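Undergrad: structure, please.
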Amino acid sequence: MVVLGIGNELRGDDSIGPYVIKELESMSMDFNSSNNSNTNNSNKKFNRNMIFIDGGSAPENFTGLIKNENPSHLLIIDAALMGTNPSSVKTIVKDELPTINASTHSMSLSYLIKYLEADIDFDFLLIGIEPVSMNLGDEISYNVLKSADEVIDTLSSLLFD
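TA: Numbers count the residues shown, from 1 in each chain. Next comes the predicted model:
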C-alpha cells in the first residue's frame, strides 16, 4: 500500500497532505520501535509493505517509485475543492475525481491515476479535506487541522492496531 500526501506546504490548507504523511510516518516509526523493544505487543499488527510519500505539489515526480512498489492500494490525502463545507472530509473514488479541483498541482489527479494504471493494477481512494484558505504564506487553518487530525486518528487505528 502506498499512502501519498499531496500539497504545497507554503499554501495554508493545501499543505494538509504532507502534514498527514509526516504524522503517519512518525507514528509508524514509534510503533515499530515500541514493538521491537516489547515482544508482548504481538497482538498489534503493522503492514510493513506500507510506503508513505510526501508528494508535495508535484506528485508525478513519484510515479516511478509508486510503479516500483507495485502497490495493491493507493491512498491519496489532499486538500480538495469539493463544493462542501470548509474542513469537511470526504472519501472520493476514481470515478469522482473529475468533480474535484486541486488547482495547486501541476498534474490533475485523474491523469496521474490513469498514468499509473497503465502499468500497475491497484485499488484507489482519495481522502479530500475541503480547504478554508490556500493563500501563499498562510498557516493550516484550525478547522482543517482538526479534520486532518481526525483522519490521522482513523487511519492510525486501522494501520497500527
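
Undergrad: so which residues of this protein form helices?
TA: 16-37, 63-69, 109-117, 142-159 (DSSP state H).

Undergrad: okay, those in TSV with mean neighbour count and distance to residue 124 next?
TA: To be clear about C-beta, it is placed using only N, CA and C from the backbone, and glycine gets the same treatment. Conversion of the helices of the chain to TSV gives the following (neighbours: other Cβ atoms under 10 Å; distance: least, Cβ to Cβ, whole Å):
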stretch	mean neighbour count	distance to residue 124
helix 16-37	17	15
helix 63-69	15	11
helix 109-117	16	6
helix 142-159	16	16
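
Undergrad: could you dump those helices to JSON lines with mean pLDDT?
TA: JSON lines is the format used below for the helices of the chain (pLDDT from 0 to 100):
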{"stretch": "helix 16-37", "mean pLDDT": "80"}
{"stretch": "helix 63-69", "mean pLDDT": "96"}
{"stretch": "helix 109-117", "mean pLDDT": "93"}
{"stretch": "helix 142-159", "mean pLDDT": "94"}
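
Undergrad: between those helices, which gets nearest to residue 52?
TA: helix 16-37 (4.7 Å; Cβ to Cβ).

Undergrad: output stretch 77-85 as PDB, nothing but the C-alphas.
TA: Extracted C-alpha coordinates of stretch 77-85, given in PDB (Å, rounded to 0.1, in the frame of the first residue of the first chain):
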ATOM      1  CA  ILE A  77      -4.600  12.600   1.000                       C
ATOM      2  CA  ASP A  78      -5.100  16.100  -0.300                       C
ATOM      3  CA  ALA A  79      -6.900  19.400   0.200                       C
ATOM      4  CA  ALA A  80      -9.700  19.200  -2.400                       C
ATOM      5  CA  LEU A  81     -12.200  21.800  -3.600                       C
ATOM      6  CA  MET A  82     -15.300  19.500  -3.500                       C
ATOM      7  CA  GLY A  83     -18.000  22.100  -3.000                       C
ATOM      8  CA  THR A  84     -18.600  21.100   0.600                       C
ATOM      9  CA  ASN A  85     -18.300  23.000   3.800                       C
END
